[in-house]
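> My questions concern the predicted model and sequence given below.
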Amino acid sequence: MVNIINDKGKISITSEVFTNLAGDAATSCFGVKGMVGRSRDSGPFQLLRRESMSKGVEVRFNDDGSLSLELHIGVDTGVNISAVSRSIMKEVSYKLSKATGVPVRSVDVYIDSIIG
């Protein structure tokens, strides 16, 4: 949880807010099929439905007040993986910083599946 204190009061933002914002930003990028999750028994990766896409995002709160994110995604067949990854990193970082005011230190993108 991130706490922002100013002269008007205190704002607390839970990790769920960050995971939902990050999942939404990532899935809006061209070439992204969706967020990917792994079953509890380390089974195969599965494409997550819209309402549970935050399970494909892990948020870490850093000591300096910034965030580090890890996203697990599935992409369309034939897309430039490097370009899609860069696009996701920029989009997620921008949307989270803009919506919450919390700086994003890093966005790590893991492409777990190529879906045709």
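Done, it's in.
> got any ranges where the protein has weak pLDDT?
By pLDDT under 70, the low-scoring segments of the chain are 38-45, 50-51.
> At the geometric centre of it, which residue do we find?
Nearest to the mean C-alpha position of the chain, by Cα atoms, centre = their mean, lies A22 at 3.4 Å.
> I'd assumed that residue was in a strand, is it?
No. Read with DSSP: H, G, I helix; E, B strand; the rest coil, A22 is helix and lies in no strand.
> in terms of contact, does it touch L69 like I think?
Yes. With contacts counted by Cβ atoms under 8 Å, A22 reaches L69, the gap being 5.5 Å. C-beta here means a position set from N, CA and C on the backbone, and glycine is covered the same way.
> any shared contact partners between these two?
Taking Cβ atoms under 8 Å, 6 or more residues apart in numbering as the contact rule, the neighbours common to A22 and L69 are 57, 59, 92, 96, 107.
> what about the nearest residue to the first one once chain neighbours are set aside, how many neighbours?
If you skip the residues right next to it in sequence, V57 has T19 as its closest partner in space, 4.2 Å away by Cβ to Cβ, 6 or more residues apart in numbering. Neighbour count for T19, taken as other Cβ atoms under 10 Å: 20.
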